[in-house]
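*Asks:* here are the coordinates; sequence isn't available:
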Ligand code: DQA
């Protein structure tokens, strides 16, 4: 089973960007953690990062034929990209949204995710463990 992990804008700066909110691991280190968990679950994972909305939408479209499921951290696009929400709905495979920080406990504009309702589920506020939990949830969903 192949799973695509999509990291959205500014997540390439993990480790240096506001570590009190997003942790001190770099994106490469986070991807290592994701890959190790995927291996132990018997999932074949591919991790990609895009800053642009169109690139994320293209990756979602491409995923529908090549992957069984997607984990996405849409970054700030979560708060206003109806185009990404539509793409998630359109591809028809399970998608789980992850946020490192607890978006419900932050500034008003971050409390709403317009992409969340297009997703199978959301994990927010538990740091990089969110990716691990999302993969575990998908392993269960894909097994059924
Ligand atoms: C984020 C939360 C977003 O509000 C923010 O714009 C990000 C990261 C998170 O993982 O907590 O870039 O998605």
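*Replies:* Ah, there it is. These numbers were taken from a predicted model, which means no experiment stands behind them.
*Asks:* how about the residues of the protein near the ligand?
*Replies:* 10, 73, 75, 76, 78, 99, 100, 101, 103, 110 (C-beta under 6 Å from any ligand atom). To be clear about C-beta, it is placed using only N, CA and C from the backbone, and glycine gets the same treatment.
*Asks:* Mind picking the two most distant members of these?
*Replies:* Greatest spatial distance among the residues of the chain next to the ligand (C-beta to C-beta): 10 and 103, at 14.3 Å.
*Asks:* So for these two, which sits in the more crowded spot?
*Replies:* The neighbour comparison of residue 10 against residue 103 (other C-beta atoms under 10 Å) goes to residue 103, with 20 against 14.
*Asks:* Was I right to think the more buried one contacts residue 113?
*Replies:* Yes: between residue 103 and residue 113 there is a contact at 6.4 Å, judged by C-beta atoms under 8 Å.
*Asks:* residues bridging contact with the two, i.e. touching both?
*Replies:* Common neighbours of residue 103 and residue 113, using C-beta atoms under 8 Å, 6 or more residues apart in numbering, are residue 78.
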